[in-house]
Structure formats: C-alpha cells, structure tokens
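Chemist: Everything below, folded, please.
(chains A and B)
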Amino acid sequence: MSSPQHLSAPVPTESILGRRNRPPKNDLADRLFRYLMYAASGISAAILFLMVWTILKQSFPAVQKFGLGFFVSQEWNVTDSKFGALPLIYGTMGSSLISLILAVPIGLAVALVTSEDLLPQRLRTVIAFTIELIAAIPSVIFGLWGFYSFIPLLLPFQQFLHAKLGFIPWFGKEPTGSGLMTAGILLGIMILPTMAAVSREVLLVVPTYLRTGSMALGATRWETIFRVVLPKAFSGILGGVMLALGRALGETMAVTMVIGNAENISSSLFEPANSIPAILATKFAEADGMHSSALTYLVLILFAITLAVNVGAIGLVRLVERSGKS
Amino acid sequence: MLSKNFGRFTTLTAVAVSVFGAQFAAVAQQVTLTGAGATFPQPLYERYIREMRKAHPDIRVNYQAIGSGGGIKQTIAGTVDFGASDAAMTDSQMSQVKGGVLLIPTAGGPVSVSYNLPVKGLKLSNRALSGIFLGKITTWNDPLIVQDNKGLNLPNTAIKPVVRADGSGTAFIFTNHVSAISPEFKSAVGGSTEPKWSSGFLKGKGNPGVSALVKQTPGAIGFMEYSFALKNGLNSAAVQNGSGRYVAPSLKAANQALADVQFPANFRAFDINSSQGYPIVGLTWLLIPRSQKTPAKAQAIKTMVRWMLTSGQQLNDDLGYTSIPSGVAARAIEAVESGVK
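Modeler: Residues are numbered from 1 along each chain as shown, chains lettered A, B, ... in the order given. A predicted model of the protein is given here:
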C-alpha cells in the first residue's frame, strides 16, 4: 500500500522549532548511535543463537541415543532411561488445535462485531476493551481459575457429552476433569484476545472504497463481509491465527495445571495428556543425565514446531496473495 | 549554638561507631551454613533455624527447599554445606560426594492414601492397594475392595489414581512400600522417585499438586504426605501393616512404626513395612559432606545436628512430623561428631 504523497511532504522545521534547518551531519554522535543500534540488534540475534547452541549441545546425547525413533516412541520411563516424544507432541498439538477451533471463529466474530457499525460505537469499544483485557491476565491466574473454577463448570458438560455421544471415540472415556479437552478450551480462552485484536486491526484498515464499491454493486452487508472484506483481510487474519497458535504452543503454567500431566495418547479427548512445555515445567528441576538431555530434545522439537508454523504461515500468505493477483 | 551542634555530632558519631562496631564483631564470629533440598521438611527446618538462633546466635543457616533431587545434586556438586532429601542417596550417589557423606535422619511422616469419595473409613488390603496403583482395579465396587468394606456404599464409578508428575521423595516412600507388599508392583512399577506408572494416571506437581487434584476429582485416589491430606480435608484409607492389621494414618501410628524400624550403621532405613503402627512412613535426611570447607563450618554443622536431634526433636510433634527415636538420634550425633571435619 503506497502512502499518499501529500503526507510525506517535508514539514517546515524552522517554523516549528525556530531553528536553522541543518543538513544532517555525519558526526561522532551520529556514528555512535548507529553502532549502538548495530550492537543492540546483534545481541538480540546472538541470544537466539546462544540458546539454540545450548539446546543442541545439551540434547546431543539424547539425539544420538534415540535418533528419529524419539518421535514415534510413546514411553517416558525415567527408571529405565527410555524416552519418546510422541505423547508430548500429540498433547502439544492436540491442545493447540482445540484452542484454535474455539478461538478462531469466536475471535473473528468479535473482530467483525467490533469493526463493523452493527452496534453503537460505545458498546463496540466496551466489548473490544473487555476481550482485550483477557490478555492482561497472568497465565498462572488462568491456571488456578481453570483448575478450581472452570473444571467444576466443565465437568457436567463433559459428562453429558460422554453419556449422549459416548459412541464417538472422542468422548469415549469417562471424563476426569483434567485432560486434553480442558486444556484446549482454557487455551482457547487465553488466545482469544490475540485473535480478536489482530483481526480487528486488520478489518479496520480494509479500505472503505472496497466496502462502498461492493454495496454499490448491490451486495448485502453479509455478502460484502464474506466476499470482500474477509478475503481482503485474509493474510492479516492468518497472521493473527499464527500469533495465537504461537502462544498456545508455548503456554506452560495454565496447561500444566489442567492437562493432567500424563504421557498418554488416547482416542478420548477427556483423558489426561501432557504437553512439551508442561513436562519441562514439572520435570526439569529434578532431572539429570539422559532424562535432562531427553527433555532438552523436546525443547528442540518445540523450537522446530514453532519454526515450521511460522514458515508455513508465511508460505500460505504468499500463496494466497499470488492467487489473489492472478 | 555551635558547641551544642558539635556536641550532638559527637554523640551521633559515638552511637554510630558503637552500633557498627558491634555488628562487625558479630559478623567476624558468625558462621553461615547453606543447605538445600527436600520440600517436605521445609516448615520444620525453618522452625529449627529460628529456634536454634536463640541458643546459638553465632550460627546462621539458610535453607532452600528446591526438592529432594535438587538437594542430592547440590550435595554432589559441593555447592552447599549440607543437603536434604526424603529419598536416601544411593550408594553410587554417595560415592560421588568428595570425601564422603553422612545421612542423618531428622524427622519422618506418614504418607497417606487419600481419596475423593463420600465414604469415610475405607480399608484397602495389600492386594487392593497394589491393584489400584497398577491400574488393574478400575472401579470402586471391585470385589477386591468391597470384601474388606462390607458396610460401605461403594459406587460403580471409575477409580482415578493420582500420582506425582515430578521426581519425588514421597513417591519413593510410597512405591517402596507397595513394592514390599506386591512383587507384581515391584517389577511393573518399581520403588523409585520416578516410578513407571501406567500412562493414563493423572499427575500433579509436588504434594500440593497431588492433594489438589484428589480434592478436585471425584473418584480420585492418591498418595501424599499426611499433613496435606489433613489440610485439604481429604479422607484417608486404612492400609494393612506388616502384621495384616488395618491402620489409619496418624502421627502416633507413624511413631509406633518408626520405633520398630532397625536403623543400620549408615541410617539408611528402607522398605518400611512395619508390623507395628502405620506402615507407610517416610524419613527425611540431612546429607552432610564429611569434609567441610572450613573448621568453623565443620564445628557449626556439628552444633546444628546436635541441636536438631536433641532440642529440635521437641518441635517435631507440634508441626506434624514424627521424631527420631532417641537411641538412633544419639548414634547419629556421634557419627557426625567423629565423622565430619
């Protein structure tokens, strides 16, 4: 999007500041500032590489011992030093997926309601502000609330699902309260503000001429939203989804408190499971030797998953933009 | 005017000198001991440290409750003056401590098997207890449970065992007991700080995590330090001791069991399945490296152990811990007096 020319016209500094309009001089302060900036960005990058290096070094014994078999093994057996990541990858991806299924439609709905003029401006501000306030709640509070208040609320609903739809494997086991589904729903609530806020910003910058043009051609409001506004905002919304997914994948405290912490793969969403950040939080402090190395291998996997999600998102956005142009 | 100000100034200086001077003197004599380890005895050790300062103001003790595994690690690394653990160090761990290490028991506590059912007075036989934690007995009205609880109204709902998510001294105590009563449990799960639990069990972090999960989950059953069961108002099962009698957890029953335990020369008493009192009792140990960094620290360690095992033991009962039988305490004091340099 190119900005209109008149906005970037030089502001007459002389009249505002009452000073001579000096040409920028490449003096010492200027250079110093530039080096400072180089150093700051260099350090940021160096920290990432330092982390990757440490993780690679620490996970090396486990990578060497378990190799790719780590991804398919289901055991987490400290006594016999046998470790496998599959239940943890399953728990991490599963809980994040459930959270997206919940947060994407609701977040998008909130974004639409608060960006279109369906409601009075005041009400829209209140709704948007309230949703965004969820983002300010520390995750440990989410965990405590989830464990002590949300699970008792959710349990009867889960029991109802089990009684009525128990023939579907997803609801096949008697619910415990803590489990994959509970963690997924809690995560969904936690990432809702990210989803809603980013989508709202993106919808607000969809140019007015697109809306008016669509309406002028006889489209109704909903046709305009679904055929013009949302497609135009798609890449931005996808960015919001990825940000939200990033938070869900890495969330530790709240998940640890409600997921049940069992290295377990079950067809039932009610069964306890475990995620990579959660197992790190519970086990790392007391782990040593191969156990600690296997946990670091998990960190490496989480890194890889996050990277893949980001790269995948960028690729998807490019693909959509290209197909939109042709 | 001027002389008056000057007078005030000199007084202030005198006060300052005397105050700081006294502090410097105290610092010069003071010995600081740093310890780290088990969370289970943390309230007790904090009380010990407070009370001991009254008797020995020259010794300052810092205790960090980082967990038993952490306590053992730090003791081996030599970063602390003493460690603490609910799981006794293994022979190979003990051999890694430079100059050797002494295990000194300071307190114990019953580990209760607590459950979330609206029935009180549940009895669990050895077969029922091991069956539940093997994941083989899955409903509350299983015949193996019902046969010992004829009067109780046990529901036809799932049993949800809750175990520890982290490496744990409490798990070590509990699994060693169940291993002692069930060979099948011993080979399938094993007595360990990180036992091989059946994969579907709920897991909580620390005693607080397990007790909260049991409290929140209808039909749950889990093991924990008894004080956590009391704090959370959970019902606890009576289990069979070595003579086959059903005993509910209590401090008194745990003390009876401890009186019965034979402590070997290295004080590493295991497989507690006492025929007296409550059979699942854990001990907690101080891990004291034999070679201390300075003679002053060695002396301070000796003073601390002596105080904890004599005057300190009077506090155990109040805080809900069992005490160490006095004969064993005397042997432990002697071992530290002669063994630490």
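Chemist: what does the stretch 201-326 of chain A put close to chain B?
Modeler: Within the stretch 201-326 of chain A, the positions near chain B by CB under 8 Å from any CB of the partner chain are A:256, A:260-264, A:266, A:271-272, A:274, A:281-283, A:285-288, A:291. Just so you know, the C-beta spots here come from the backbone N, C-alpha and C atoms, and that holds for glycine as well.
Chemist: How about the stretch 51-200 of chain A?
Modeler: Residues of the stretch 51-200 of chain A lying close to chain B by CB under 8 Å from any CB are A:74, A:77-80, A:87, A:147-148, A:151-152, A:174, A:176-178.
Chemist: Filter those residues down to the buried ones.
Modeler: Buried members of these, scored by 16 or more other CB atoms under 10 Å in any protein chain shown, are A:Asn77, A:Val78, A:Pro87, A:Phe147, A:Ile151, A:Glu174, A:Thr176, A:Gly177, A:Ser178.
Chemist: of these, closest to B:Arg47?
Modeler: Ranked by distance to B:Arg47 (CB to CB), those are led by A:Phe147 at 29.9 Å.
Chemist: what about the nearest residue to that closest one once chain neighbours are set aside, helix or strand, and which?
Modeler: Using CB to CB, 6 or more residues apart in numbering or on different chains and skipping the chain neighbours, the partner closest in space to A:Phe147 is A:Met257 (4.8 Å). Taking DSSP states H and E as the criterion, A:Met257 maps to helix A:253-258.
Chemist: in chain A, which helix or strand is least confident?
Modeler: Here the helix or strand of chain A ranked lowest by mean pLDDT, DSSP states H and E is helix A:13-17, holding a mean of 50.
Chemist: re earlier: quickly note the distance from the residue nearest to A:Phe147 to A:Pro272.
Modeler: Note on A:Met257: its distance to A:Pro272, by CB to CB, to the nearest Å, is 12 Å.
Chemist: Next: A:Val205.
Modeler: Taking CB to CB, one finds A:Val205 at 43 Å from A:Pro272.
Chemist: again, but for A:Gln159
Modeler: Where A:Pro272 is concerned, A:Gln159 sits at a distance of 16 Å (CB to CB).
Chemist: And for B:Ala212?
Modeler: 14 Å.
Chemist: Counting neighbours, go ahead and name the busier of the two.
Modeler: Ranked by neighbour count (other CB atoms under 10 Å in any protein chain shown), B:Ala212 and A:Pro272 place A:Pro272 first, with 29 against 22.
Chemist: And the helices in chain B, which stretches?
Modeler: B:2-29, B:42-55, B:68-77, B:91-95, B:126-134, B:143-146, B:169-181, B:183-188, B:206-216, B:226-231, B:251-260, B:295-309, B:313-316, B:326-339 (DSSP state H).
Chemist: Which of those sits closest to chain A?
Modeler: Evaluated with CB to the nearest CB, those place helix B:68-77 nearest to chain A, the distance being 3.4 Å.
Chemist: For the closest one, which residues meet the burial criterion?
Modeler: The neighbour-count check on helix B:68-77 (16+ other CB under 10 Å) flags B:Ser68, B:Gly69, B:Gly70, B:Gly71, B:Ile72, B:Lys73, B:Gln74, B:Thr75, B:Ile76 as buried.
Chemist: Redo these as a markdown table? Include distance to chain A and pLDDT.
Modeler: Output for the buried residues of helix B:68-77, formatted as a markdown table (distance: CB to the nearest CB, whole Å; pLDDT from 0 to 100):
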| residue | distance to chain A | pLDDT |
| --- | --- | --- |
| B:Ser68 | 8 | 84 |
| B:Gly69 | 3 | 82 |
| B:Gly70 | 6 | 83 |
| B:Gly71 | 10 | 89 |
| B:Ile72 | 9 | 90 |
| B:Lys73 | 6 | 87 |
| B:Gln74 | 12 | 90 |
| B:Thr75 | 13 | 93 |
| B:Ile76 | 10 | 92 |
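Chemist: thinking again about what came up before, any idea which of the buried ones among the residues of the stretch 51-200 of chain A next to chain B is closest to A:Leu238?
Modeler: Nearest to A:Leu238 out of those is A:Pro87 (CB to CB; 29.3 Å).
Chemist: which residues touch the closest one?
Modeler: A:Gln74, A:Trp76, A:Glu263, A:Asn264, A:Ile265, A:Ala273, A:Asn274, B:Ser199 (CB atoms under 8 Å, 6 or more residues apart in numbering or on different chains).
Chemist: residues in contact with A:Arg221?
Modeler: A:Glu116, A:Met215.
Chemist: Residue ranges in the chain under the pLDDT threshold?
Modeler: This is for chain A. Applying pLDDT under 70 to chain A flags residues A:1-26, A:324-326.
Chemist: hmm, I had chain B in mind actually
Modeler: Using pLDDT under 70, chain B drops low at B:1-28, B:270-272.
Chemist: mind running it again at 50?
Modeler: Chain B contains residues with pLDDT under 50 at B:1-7, B:9-28.
Chemist: interface residues of it facing chain A?
Modeler: B:66-70, B:73, B:157-158, B:160, B:165-168, B:190, B:192-196, B:199-205, B:212-213, B:216-217, B:220.
Chemist: Can I get the buried part of the residues you listed as one PyMOL selection?
Modeler: The buried residues among the residues of chain B next to chain A can be selected in PyMOL (16+ other CB under 10 Å) with this line:
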select buried, chain B and resi 66+67+68+69+70+73+160+165+166+167+168+190+192+193+194+195+196+199+200+201+202+203+204+205+212+213+216+217+220
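Chemist: can you tell me which of the residues of chain B next to chain A are in strands?
Modeler: In strands, defined here by DSSP state E, the members of those are B:Lys160, B:Leu202, B:Lys203, B:Gly204, B:Ala220.
Chemist: Pick the one among those closest to chain A.
Modeler: The closest of these to chain A turns out to be B:Lys203 (CB to the nearest CB; 3.7 Å).
Chemist: okay, now A:Lys65: neighbour count?
Modeler: Using other CB under 10 Å: A:Lys65 sits among 16 other residues.
Chemist: Would you agree it is in contact with A:Tyr297?
Modeler: No. With contact defined as CB atoms under 8 Å, A:Lys65 does not count as touching A:Tyr297 (9.4 Å).
Chemist: Contact partners for residue 165?
Modeler: If you meant another chain, say so; for now it's chain A. Taking CB under 8 Å, 6+ apart, one finds A:Phe171 in contact with A:Leu165.
Chemist: ah, I was thinking of chain B
Modeler: A:Asn261, A:Thr282, A:Lys283, B:Lys203, B:Gly204, B:Lys205, B:Gly209.
Chemist: Could you tell me the phi and psi values at the nearest residue to the last one once chain neighbours are set aside?
Modeler: Which is B:Gly209. Excluding the flanking residues, the one nearest B:Gly209 by CB to CB, 6+ apart is B:Ala165, at 6.8 Å. Recorded main-chain torsions at B:Ala165 are phi -90, psi -30, according to degrees, to the nearest 10.
Chemist: re earlier: show the secondary-structure elements that the helix holding A:Met257 is packed against.
Modeler: Contacts defined by 3 or more CB pairs under 8 Å, 6 or more residues apart in numbering or on different chains; DSSP states H and E place helix A:253-258 against helix A:139-145, helix A:180-204, helix A:276-283.
Chemist: can you give me the offset of the first one from its chain's centre?
Modeler: Taking CA atoms, centre = their mean, to the nearest Å, one finds helix A:139-145 lying 18 Å from the centre of the chain it belongs to.
Chemist: Buried by neighbour count: which residues of whichever helix or strand comes after it qualify?
Modeler: Using DSSP H and E, the helix or strand that directly follows helix A:139-145 along the chain is helix A:151-165. Residues A:Ile151, A:Leu154, A:Leu155, A:Gln158, A:Leu161, A:His162 are the ones in helix A:151-165 that count as buried (16+ other CB under 10 Å).
Chemist: just stretch A:90-104 next, same as before
Modeler: Those would be A:Tyr90, A:Gly91, A:Thr92, A:Gly94, A:Ser95, A:Ser96, A:Ile98, A:Ser99, A:Leu100, A:Leu102, A:Ala103, A:Val104, for stretch A:90-104 by 16+ other CB under 10 Å.
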